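**Student:** Please work out how this folds:
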Amino acid sequence: MNIIIERLKDTDAESLYKFEIENRTFFEDMVPSRGDDFFKPEGFKVRHESLLDEQNQGLSFFYLIKDENDSILGRINLVDIDESEKVGFLGYRVGQIHTGKGVAKKSLALLLKTIVELDIDEVKAKTTSNNIASQKVLEQNGFERTETSDIEFEMNGQMLKFVNYSWINKSSF
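**Tutor:** A predicted model of the protein is given here:
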């Protein structure tokens, strides 16, 4: 499957809303919920506009993962960029029907190629201790595990910990 990553645009709101609604239950099984307001049309619209503002200011970059038919397969983001430290934080999610097909791995590789343009030296990521698939995606793209949190939290009836990762942009040295 050929995929591309494309920066979030105003015109993506409707198709992205549909994607989020379709995958809500699946995502909430793996990550904390975004809350009911996120899934109301008005709340989603406000959040979408907020993300675009943040992106326009260079504080974060939001990408949609798409196939050759322009269908949204997932999202991948570089957020909370610290310009002085040249560090950003990774987040991604792939729709349920597209998991297990290499979409996350391929889209992360594409994102890391854009890092040179963004003047980022390090990308940090975290996942939950039970999300082995996400850990594999990170490691297959050159991320190194930096620590597993000592603090446990409950999500969906399971006690979990966060596993932290880091990727260093070797082309910047």
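
**Student:** And the strands in the chain?
**Tutor:** Using DSSP state E, the strands of the chain run over 3-7, 61-67, 72-82, 87-94, 122-128, 144-148, 153-155, 158-160, 162-168.

**Student:** give me the number of residues near the residue nearest to residue 137 when sequence neighbours are not counted?
**Tutor:** Across the structure, with CB to CB, 6 or more residues apart in numbering as the measure, the residue nearest residue 137 apart from its sequence neighbours is residue 104 (4.6 Å). Where C-beta positions appear, they are placed from N, C-alpha and C, glycine not excepted. Using other CB atoms under 10 Å, the number of residues around residue 104 comes to 26.

**Student:** Would you convert the strands of the chain into TSV that also reports distance to residue 48 and mean neighbour count?
**Tutor:** Below are those laid out as TSV (distance: least, CB to CB, whole Å; neighbours: other CB atoms under 10 Å):
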stretch	distance to residue 48	mean neighbour count
strand 3-7	13	16
strand 61-67	9	21
strand 72-82	12	19
strand 87-94	16	20
strand 122-128	23	20
strand 144-148	32	12
strand 153-155	26	12
strand 158-160	29	13
strand 162-168	27	18
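
**Student:** returning to what we had before: so how far is residue 76 from the residue nearest to residue 137?
**Tutor:** 8 Å (CB to CB, to the nearest Å).

**Student:** anything in contact with each of the two?
**Tutor:** residue 92 (CB atoms under 8 Å, 6 or more residues apart in numbering).

**Student:** hang on, the earlier thing: how close does the residue nearest to residue 137 sit to residue 41?
**Tutor:** Following CB to CB, the distance that separates residue 104 from residue 41 is 28 Å.

**Student:** cool, residue 157 as well?
**Tutor:** For residue 157, the distance to residue 41 - CB to CB - is 31 Å.
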